[in-house]
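**Student:** After the sequence you'll find the predicted model.
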Amino acid sequence: MQFALPPRKNQHTLPGARSSRLPLYRRKQLKTFAVFAFAVFSIFYLLTHVYSSSSSAAPAGTAGVVIVTLLDRENFSESYINKIIANREDYAKRHGYTNFFTSVSDYDEAVGDQPKSWALVPAVRHAMATYPSAAYFFHLNQNALIMNPTKSLKSHLLERSKLESIILKDVPIVPPDSIIKTFSHLKEKDIDFITTQDGEDLSPSSFVLRNGDFARFFLDLWFDPLFRNYNFAKAEVHGLDHIMQWHPTVLARTAIVPQRVLNAYSKDSNGAGPDGTYNDGDFIIRFPGCDNVQAKECVEMESYYMLWQRKIKSG
Amino acid sequence: MSLSRSPSPRLGGGWSSPGLTPGSGTATPNPRGLSPSSLAPGGISWAAAKAKSEEVRGYPSFSTRNSGFFSRQKHKISASFRGQSGAGGYVDKDAYGRAQWRPSGGGRGPLAALGMLMRRGRVRILAGILLLFMGYLFFWSTLVQLYRRSPLGGGRKIVIILGANVDGGVTDIKRAREWAIERNSIWNKEEYAKRWGYELEVANMLAKKRYSHEWREGWEKGDVIREALHKYPDAEWFWWLDLNTWVMEYGTSLQSHVFNNLESLVYRDINEYNPLNITHPLPEFYLDELGRSREGDGDTRSINMLLTQDCGGFNLGSFMVRRSLWTDRLLDALWDPVMYEQMHMEWEHKEQNALEYIYQSQAWIRSSVGFLPQRTINAFPRGACGDKNNPAVHYQEEDHDLLVNMAGCMFGRDCWAEIYKYREITERLNRTPWEILKDTLSGAFKRDSEDDEPEQ
């Protein structure tokens, strides 16, 4: 059967059909409203975006790395301290890093009766408070020189391919034979803390720590009064050995790299790990023998300092 | 013209025009609904024409659509709500309708037919409502529970961990009372978890050799939570409960009670209630803003642990942790052999004291801990933290507190008696209207019979 009237859509679509044929004024109203809403929304978005980026972006010139050097002005001469500062400043200037110099005596109250070497932990925490937007904190002991300033931390250590190729996997944390070993499946993105071992212990004299929650947790745990009061023979060094072996959440975010990458020992010093002694061209030379010297100078360093000066003049 | 539309009331919510249910499988024109109007003067109404054309363009005279058993049954059910349109369907061509209608047809006119239909429809509607009601009675709670357990319902985001089998009869013989406490406490949490679709993990706290050897009883909580984190990878919040606790309000969900109200419930500045006199915020100059702030970062999303304080400090009889890196670190930092070696003589409450200690000494902990008012998840019975009723601490029946923790009942109080008491209260508070009626009646009856007794 056919009807004269063409089959139309179902009756109950009629209300819907009506709405598609809105009166003109209504559509105009809707249009203005939509435009207005869009404008408000985008302004709001832009504002929040600008606001958040301004608070999280690294300030110009820091390139995200802060070099933390804890200076012992009480036990070392002014001229020695100035050499160290010159060495760090040259390096920071080359790569756009920021220096954070601080004094051991600032943390006397926090460290209390314990060995002053503990001060490095609150010093790094202090650097974090001072440069909250930095990406990395590079702690380097005062008694060390950056001998190869052309190497940037990024290309030398932090880049993914570089770091993953040098991480020491499945090695005893405390040499030579602790039963706890480093994880064998570490990836660059898991790493928040990069350090080295010498012949006997983990070495906190040169390490890189990524800014963030892990850094807060790690430093606070390390600096816990009960660890400081435990009278570890090597104070913060043994404290680090301890938490690395007992706290897997720390170990899981730690990369141990070969000693010469960050922490080559001078050839006169004791305690370097296998292949841990400074060779020409290494990034850093460290003088552990100077840590306990009361002579106000680090004699061992003089010749290397000259070498470094010649290097930066020629290059 | 009214009859060009459905003559039956649209009680069931069905579509009123007969032509508009093409899926009903109608093959022949519906005589009852349409004939009066389609023959009405003034020509063919749009609706009628529409219906006719629908038939032409619609389905063949025998339908294959409703031949399946299920679709037929479905149709039967839906037909009872659809009023007129459904009544024209093929299933309704039974003797009931036709036999009665036909003879009375032409003479008495459409009005009688209408009345007839109304009556018929009403019976059907009544039957439908009854069916629905029965369904509601029998299946509703099951359906709701199923929904809450599904990924949509969000129940599986919450895991309740109950520390049961404390010491497991290793350090002490487990007597009937201990068994009763355990059985009842587990049942209580099962009821609550089932109701809201939460996961329940009953942890066997058997004193393990591992801990006995290492002298670290009390810290198993950390290991148990870690295991649960691993076992329920989709869950977000983990609620730890000691065995001597009782959930009082089955009808209160954790979402509505706690997690959706973190902003208003939680205090992060411990100075608000500080029985341990913890210095807060930390004064050290070398800490960053977050480490020295009173309120953490002020964003409830950074809260990873919810706990309560009683009169003596932190209470770990009932607390919550959220899956996060922070929680992993906390559980890891809570037990350390060097700390333990120095403090185990002082830390009478073991892991509870350990948490208090690291909260005080390590700034990173503070920024993720939120405190709840004690009664939110950890009300005490009288006798714990004072015998006099203290509305900040003790269970208040009229406020329907969620949980009672018989904290310290093993020291000179009767755990089983307390659990039993609160079980009775819960049963009274959670009665259905029917039970309330029954109890009122039987109560009245009892009173009557008691009145009678002296006379005999």
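**Tutor:** Done, it's in.

**Student:** closest point of the stretch 101-250 of chain B to chain A, which residue?
**Tutor:** Closest to chain A within the stretch 101-250 of chain B is B:Arg226: 10.5 Å, counting by CB to the nearest CB. Yep, even glycine has a C-beta here, placed from its N, CA and C like the rest.

**Student:** and that residue, how many residues sit next to it?
**Tutor:** If you count neighbours by other CB atoms under 10 Å in any protein chain shown, B:Arg226 ends up with 15.

**Student:** In contact with it, which residues are there?
**Tutor:** By CB atoms under 8 Å, 6 or more residues apart in numbering or on different chains, the residues touching B:Arg226 are B:328, B:331.

**Student:** for the one 5 residues further on, same thing?
**Tutor:** For B:Lys231, the contacting residues are B:Glu201, by CB under 8 Å, 6+ apart.

**Student:** Now it, what are its backbone angles?
**Tutor:** phi -70, psi -30 (degrees, to the nearest 10).

**Student:** top strand in chain B by residue count?
**Tutor:** Looking across chain B with DSSP state E, the single longest strand is strand B:313-322.

**Student:** Can you list the buried residues in the helix or strand following it?
**Tutor:** Sequence order places helix B:325-334 as the next helix or strand after strand B:313-322, per DSSP states H and E. For helix B:325-334, a neighbour-count test (16 or more other CB atoms under 10 Å in any protein chain shown) marks B:326-334 as buried.

**Student:** Ok, stretch A:156-165 next?
**Tutor:** Neighbour counts over stretch A:156-165 (16+ other CB under 10 Å) mark A:156-158, A:162-163 as buried.

**Student:** want to try TSV for the residues you listed, with secondary structure, distance to A:Asn143 and pLDDT as columns?
**Tutor:** Output for the buried residues of stretch A:156-165, formatted as TSV (DSSP: H, G, I helix; E, B strand; the rest coil; distance: CB to CB, whole Å; pLDDT from 0 to 100):
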residue	secondary structure	distance to A:Asn143	pLDDT
A:His156	helix	21	92
A:Leu157	helix	21	93
A:Leu158	helix	24	92
A:Lys162	helix	26	92
A:Leu163	helix	26	94
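
**Student:** Could you identify the most distant pair in those residues?
**Tutor:** Within those, A:His156 and A:Leu163 form the most distant pair, 9.7 Å apart (CB to CB).

**Student:** per-domain residue ranges of chain B.
**Tutor:** B:2-130, B:150-437 (automatic domain parsing).

**Student:** what's the least confident stretch among these?
**Tutor:** Ranked by mean pLDDT, these bottom out at domain B:2-130, with a mean of 51.

**Student:** which residues touch A:Leu221?
**Tutor:** Counting by CB under 8 Å, 6+ apart, A:Leu221 touches A:243, A:247, A:250, B:333, B:362, B:364.

**Student:** Show me the one in these that has more neighbours than the rest.
**Tutor:** B:Ala333 (25 neighbours).

**Student:** still on that earlier bit, now do the residue of the stretch 101-250 of chain B closest to chain A against B:Ile161, distance only.
**Tutor:** Distance check for B:Arg226 against B:Ile161: by CB to CB, to the nearest Å, it reads 11 Å.

**Student:** Then B:Leu243?
**Tutor:** Taken as CB to CB, the span from B:Leu243 to B:Ile161 is 11 Å.

**Student:** With B:Gln145 instead?
**Tutor:** Relative to B:Ile161, and taking CB to CB, B:Gln145 is found at 20 Å.

**Student:** from memory A:Trp222 sits against A:Asp241, does it?
**Tutor:** No - between A:Trp222 and A:Asp241 there is no contact under CB atoms under 8 Å: 10.9 Å.

**Student:** Between these two, which has more neighbouring residues?
**Tutor:** A:Trp222 (24 against 21).

**Student:** Could you find the closest non-adjacent residue to the more buried one?
**Tutor:** Distances taken as CB to CB, 6 or more residues apart in numbering or on different chains put A:Val121 closest to A:Trp222, at 5.4 Å, once the chain neighbours are dropped.

**Student:** how about the helices in the stretch 51-200 of chain A?
**Tutor:** A:78-95, A:108-111, A:120-130, A:153, A:160-166 (DSSP state H, counting those that start in this stretch).

**Student:** OK, contacts around B:Gly386?
**Tutor:** So B:Gly386 contacts B:311, B:393-394 (CB under 8 Å, 6+ apart).

**Student:** go again using 10 Å as the cut-off
**Tutor:** B:311, B:380, B:393-394 (CB atoms under 10 Å, 6 or more residues apart in numbering or on different chains).

**Student:** again, but for A:His139
**Tutor:** A:66-70, A:100, A:120-121, A:123-124, A:127, A:195, A:204-209.

**Student:** same check, this time on A:Val208
**Tutor:** A:Val208 touches A:65, A:136-140, A:153, A:157-158, A:163, A:191-195, A:255, A:257, A:262, counting by CB under 10 Å, 6+ apart.

**Student:** what's the answer for A:Asp106, then?
**Tutor:** For A:Asp106, the contacting residues are A:70-71, A:119, A:122-123, A:126, B:285-286, by CB under 10 Å, 6+ apart.

**Student:** which of these sit farthest apart?
**Tutor:** Pairwise over the contacts of A:Asp106, using CB to CB, the maximum falls at A:Leu71 and B:Phe285, 17.5 Å.
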